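Student: no sequence on this one, just coordinates:
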């Protein structure tokens, strides 16, 4: 009879254990679903941040390619002007030589024939090359520089669109958190004024670009000098010539050839040939170096200046984009942060499967609804845009960021305190402890 009195206690204990086991299983299920959704949300945030930053990095690389194309085109214009100047000089030299040797029938007739043929070539060059110069120059200003500006402005819009598109593609339930809009404002500030800027004409801002163009000229364009009688101490024939960028509005080429005779009371210059050409937007009074023409052959240079072939086809230097204050050689970087949220009702937890909870032996229910800060799961991610050559320079020097080499890359980085602080209210926090603790 004693045994019958305690017969139901084991069943009650078994039911209590089963209820606890069921509750534990459901708790593990809820925890597993929450962790899994948290990881999916974090992957979506990482992918969205990386994609948005990559879009901006590619925009920077596009602008670098545009700058490189502009440099190549400007050098091509300088080459055409050089050819015009050299052709004019050669035609004048042949004409002068044929007149001097007219008393020598064989030589005089030959030089006259060559001069006549070259005159026809020169007329073709002087007619066609300015047209090509104008087309290339306007392509630089109206197409390449304009496309560069459009790409810069559209980068922010494209990056913001990518955040939503990529996040939805990676995790359809994800929503772009309100903090992301604050991140976009922060990123836009750095993009518009902290990383690159547009260098304008007329205030000296393009001086560095002008120097770069000068160093990019080929040998024929930059310096066409020669010494035709280098070993004679009394008589010297000096060929001088070169094409220079004059200010921001003209490419000017000049070629001179002169005989110099050293006399006891000084030297005498006899001009033998000269020519000059200029493609310009505005007249610039400044003299160029032109391979030393003004210094070594001043009389010939004055003749060349008076006989200069001028075309107004050049549109001037384009207003390019480059990094801010490139002379400071800064390691410029830009970060793009993203915050994604997932509403708690979209997480497949146990409370959504068993709304009444687990019944305990005393008929009470074990609650299964988890608590989320701000009633949502949240994920933050930051990607960084940085400049690095894929292969080290041959001279071993460190190359700093610029918009002339397309070496802008992206990687994910850890969250910084400002990002956490901006996102804290959206996550139901007054202060993010990781934003204030060291």
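Tutor: Cool, got the structure. What you are looking at is a predicted structure, and each value in this text was computed from that prediction instead of being measured.

Student: pretty sure residue 404 sits in a helix.
Tutor: No. Read with DSSP: H, G, I helix; E, B strand; the rest coil, residue 404 is coil and lies in no helix.

Student: hang on, it packs against residue 68?
Tutor: Yes. Residue 404 is within contact range of residue 68, at 6.3 Å (criterion: C-beta atoms under 8 Å). C-beta coordinates here come from the backbone N, C-alpha and C atoms, glycine included.

Student: higher neighbour count, these two?
Tutor: Each of residue 404 and residue 68 has its neighbours counted (other C-beta atoms under 10 Å); residue 404 has more, 20 against 16.

Student: remind me which residues of the stretch 101-250 of the chain are low pLDDT?
Tutor: Within the stretch 101-250 of the chain, no range satisfies pLDDT under 70.

Student: change it to 80
Tutor: By pLDDT under 80, the low-scoring segments of the stretch 101-250 of the chain are 102, 105-106, 108, 230-233.

Student: quick one: the strands in it?
Tutor: 175-176, 196-198, 226-227, 235-246, 250-263 (DSSP state E, counting those that start in this stretch).

Student: who does the second one pair up with?
Tutor: Strand 196-198 has these partner strands in its sheet, going by DSSP bridges: strand 321-323 (antiparallel).

Student: can you tell me what sits against the strand it pairs with?
Tutor: 63, 67, 148-149, 152, 195-199, 208-209, 330, 332, 401-404 (C-beta atoms under 8 Å, 6 or more residues apart in numbering).

Student: which strands or helices does the helix or strand residue 341 falls within pack on?
Tutor: Using DSSP states H and E, residue 341 sits within strand 334-343. If you count contacts as 3 or more C-beta pairs under 8 Å, 6 or more residues apart in numbering; DSSP states H and E, strand 334-343 packs onto helix 9-100, helix 145-170, strand 175-176, helix 178-189, strand 376-387.

Student: to residue 274, which of those lies closest?
Tutor: Each of the helices and strands packed on strand 334-343 was scored for nearness to residue 274 using C-beta to C-beta, and the closest is helix 9-100 (5.9 Å).

Student: and the closest one, how far from the chain's centre?
Tutor: With C-alpha atoms, centre = their mean, to the nearest Å as the basis, helix 9-100 stands 13 Å off its chain's centre.

Student: same check, this time on stretch 207-219
Tutor: Using C-alpha atoms, centre = their mean, the offset of stretch 207-219 from its chain centre is 18 Å.

Student: what do you get for stretch 298-308?
Tutor: 42 Å.

Student: just the buried positions in that stretch, please.
Tutor: Neighbour counts over stretch 298-308 (16 or more other C-beta atoms under 10 Å) mark 300-301, 303-305, 308 as buried.
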